[in-house]
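A.B. asks: curious how this folds, go ahead:
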Amino acid sequence: LNISLSSISVYDDFFELGGNSLVAIQLVSRLNRQFEISLNLIDLFQHPQIANLAYLIQTTSSEFAYKQYQIIPSRSDMVYEPFPLTNVQQAYLMGREAIFELGNITTHSYVEYRFDTLDVKQLEIALNRVIERHGVLRMIFEEGQQRYLKDNWYYPISCENFTSEESLFSCREELSHKIYAQDTYPLFDIKVSYCCFDNQRPFYLLHMSIDALLMDAYSARLFMQEWTEFYLHPNKSLSPVPFEYRDYILQWKKIRESELFLKDKQYWESRLSSYVFEMNLPLLCAPHDVKEPHFSRITKTIPTDLWKPLQQKITAAGLSPTAVLLAAYGKVLSDWSNQRELCINVTLFQRLPLHDDIYRVLGDFTVLELFQYQAQTGSTSAVLRHHHEKLLEDLKHILFDGVDLQRMIREQRRYVYSQGLSPIVLTSVLGTHQESGQRKTIDPSFQGVHYAITQTPQVWIDNKAYETSQGLVAEWDYVEQLFAREIIEQMHQD
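C.D. replies: Numbers count the residues shown, from 1 in each chain. From the prediction side, this is the model:
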């Protein structure tokens, strides 16, 4: 939390000190490794005071579940050997195929960062230092596995002059929905444009297009931080990352073959019959009629002077802001679909506590949780408490994840294989200020994000929630062929 120890009492509340769900996950991970126990996120919400948490640690009889799965770095001659895909990577690769509903696209993000000045050569040098440092940036996918390239990976950055907005729009159209060949390096594009338009002050744009097979949102932030450090401080050295993403995935694979995985599977099997996958939102056409999905974005910011008091109330009530957002999202979807029950696909960035430096590694650690929303009656606080506790209980059993659950459901209910089951997504990164890592993004002349869009196959709406200095941002990327603009605007406003 970046707080001086001398200013903290053992009776202080972790969340009132500024803790949030994402930091809480990291804290629980560190406590479990340090004391060889098995706390869950819900334990920290129930015992947020340091003294109470310390007592829980002293008295718990639980053993560290991942003790025998700690990462041992691969021998240097093994680093470049192929290794398995995660569940989400498998889903990404299959979902891009045109035979699937809302396929024919990749899971992909595109961002334009705006600057007054840029040293393109230094930008290139700094980028390649990061690529050398993290194998995932040199990754290719072939024969159902992934591997790092050892040689011929140096990436040059080009700079183009744009004298018209049409040139910029053409570049954006090319990169914003690009489909990369999975077996060909690189699975990203990074370029610079110098924009000199009529009646405007010239500016630089850094264009970044990347396939999400490589890394998740948390990793992307870490990538930008390291790139910035090398750009601003060319002679700076960062301490080596002691293991590779590959090492983590090999241990993750062993865990999925253990009793831990089977225990979580039993939890979800007991809930299988309650799932409702209908989603009766007002659509312009059937999803299977959309052959080339194109995503658009709608954004709204709840200003800080409204968001901060609300956040304090949520914290005082012992609730997770993400759970509150999930409840509100579910209510809107329930009202617009006229359904009391529905499924929301929650994106999580889970790093199992297998090494002290697990949060220094780039990679795709995404897991999915299928949250079964059920409309509740009663007071607002009781309804929010219900969804909060249900989410935290689900997260205790996430080794068997949303992809596993969808496979099981397809088999038991005999759904058409090409049909999407959970097209409504929530991606919450509340607790990590988007601007905290961007205030000095690359160059000090950084002026903010000029344009951005994401896309995911089999998804209708992806609701991304994050914080900036302006407040809470609710950002919906949606398939424009499915929704009338006025409908999606009203849903978003609600």
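A.B. asks: for the closest residue to Leu354 other than its chain neighbours, give me its contacts.
C.D. replies: Spatial nearest neighbour of Leu354, excluding adjacent residues (Cβ to Cβ, 6 or more residues apart in numbering): Ile71 at 4.8 Å. From N, CA and C alone the C-beta is placed, and that goes for glycine too. Counting by Cβ atoms under 8 Å, 6 or more residues apart in numbering, Ile71 touches Phe243, Asp247, Tyr248, Gln251, Leu354, His355.
A.B. asks: just the endpoints, please. Distance across stretch 91-106?
C.D. replies: Across its full length, stretch 91-106 reaches 10 Å between end residues, using Cα to Cα, to the nearest Å.
A.B. asks: er, stretch 176-188 I mean
C.D. replies: Stretch 176-188 stretches 11 Å from its first residue to its last (Cα to Cα).
A.B. asks: same question, stretch 272-280
C.D. replies: Across stretch 272-280, first to last residue, Cα to Cα, it's 21 Å.
A.B. asks: distance between it and the chain's centre?
C.D. replies: Counting by Cα atoms, centre = their mean, to the nearest Å, stretch 272-280 is centred 24 Å from the centre of its parent chain.
A.B. asks: now for the residue nearest to Phe15 when sequence neighbours are not counted: which residues touch it?
C.D. replies: The shortest distance from Phe15 to any non-neighbouring residue, by Cβ to Cβ, 6+ apart, is to Thr315 (4.6 Å). Applying Cβ under 8 Å, 6+ apart to Thr315 gives the contacts Asp13, Phe15, Glu16, Pro321.
A.B. asks: tell me the SS of Thr315?
C.D. replies: Counting by DSSP: H, G, I helix; E, B strand; the rest coil, the backbone at Thr315 sits in helix.
A.B. asks: and it, how far from Glu259?
C.D. replies: Distance of Thr315 to Glu259, given as Cβ to Cβ, to the nearest Å: 36 Å.
A.B. asks: same question, Leu281
C.D. replies: From Leu281 across to Glu259, the span is 40 Å (Cβ to Cβ).
A.B. asks: more neighbours, those two?
C.D. replies: Using other Cβ atoms under 10 Å, the more surrounded residue of Leu281 and Glu259 is Leu281, with 19 against 9.
A.B. asks: that one: which element?
C.D. replies: Using DSSP states H and E, Leu281 maps to neither a helix nor a strand.
A.B. asks: which residue, other than its chain neighbours, is closest to it?
C.D. replies: Closest to Leu281 by Cβ to Cβ, 6+ apart is Ser337, at 5.1 Å.
A.B. asks: spit out the contact partners of the one you found.
C.D. replies: Contacts of Ser337 (Cβ under 8 Å, 6+ apart): Glu278, Met279, Asn280, Leu281.
A.B. asks: per-residue pLDDT of Ser158, please?
C.D. replies: Predicted confidence (pLDDT) for Ser158: 96.
A.B. asks: ok, now which ones touch it?
C.D. replies: By Cβ under 8 Å, 6+ apart, Ser158 lies in contact with Lys191, Val192.
A.B. asks: ok, now how distant is it from Asp119?
C.D. replies: When Cβ to Cβ is the yardstick, Ser158 and Asp119 sit 14 Å from each other.
A.B. asks: also Phe14?
C.D. replies: According to Cβ to Cβ, Phe14 stands 42 Å off from Asp119.
A.B. asks: which one's more surrounded, those two?
C.D. replies: Phe14 (21 against 13).
A.B. asks: which residue, other than its chain neighbours, is closest to that one?
C.D. replies: Closest to Phe14 by Cβ to Cβ, 6+ apart is Pro48, at 4.6 Å.
A.B. asks: quick check: neighbours of the worst-scoring helix or strand of the chain on mean pLDDT in the sheet, parallel or antiparallel?
C.D. replies: For the chain, counting by mean pLDDT, DSSP states H and E, strand 424-433 ranks last in confidence among helices and strands (a mean of 81). Paired with strand 424-433 in the same sheet, following DSSP bridges, are strand 341-349 (parallel), strand 461-468 (parallel).
A.B. asks: next, Asn128: phi, psi?
C.D. replies: phi -70, psi -20 (degrees, to the nearest 10).
A.B. asks: His207 looks like it's in a helix, true?
C.D. replies: No - assigned with three-state DSSP, His207 falls outside any helix and is strand.
A.B. asks: number of nearby residues for it?
C.D. replies: Counted with other Cβ under 10 Å, His207 comes out at 23.
A.B. asks: likewise the one 4 residues further on?
C.D. replies: Asp211 has 24 neighbours, counted by other Cβ under 10 Å.
A.B. asks: ok, it to Gly402 distance?
C.D. replies: Between Asp211 and Gly402 the computed distance is 20 Å (Cβ to Cβ).
A.B. asks: where do the helices sit along the chain?
C.D. replies: Taking DSSP state H as the criterion, the chain contains helices spanning 21-35, 41-46, 50-59, 87-95, 120-133, 165-176, 217-232, 245-255, 259-269, 304-316, 321-337, 380-395, 402-413, 485-493.
A.B. asks: next, format those helices as a markdown table and append mean pLDDT.
C.D. replies: Output for the helices of the chain, formatted as a markdown table (pLDDT from 0 to 100):
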| stretch | mean pLDDT |
| --- | --- |
| helix 21-35 | 84 |
| helix 41-46 | 86 |
| helix 50-59 | 88 |
| helix 87-95 | 93 |
| helix 120-133 | 97 |
| helix 165-176 | 95 |
| helix 217-232 | 95 |
| helix 245-255 | 97 |
| helix 259-269 | 96 |
| helix 304-316 | 92 |
| helix 321-337 | 95 |
| helix 380-395 | 94 |
| helix 402-413 | 92 |
| helix 485-493 | 95 |
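A.B. asks: skipping adjacent residues, who's closest to the most centrally placed residue in the chain in space?
C.D. replies: A centroid search over the chain (Cα atoms, centre = their mean) returns Ala217, at 4.2 Å, as the residue closest to the centre. In space, and not counting its chain neighbours, Ala217 is closest to Val429: 5.7 Å by Cβ to Cβ, 6+ apart.
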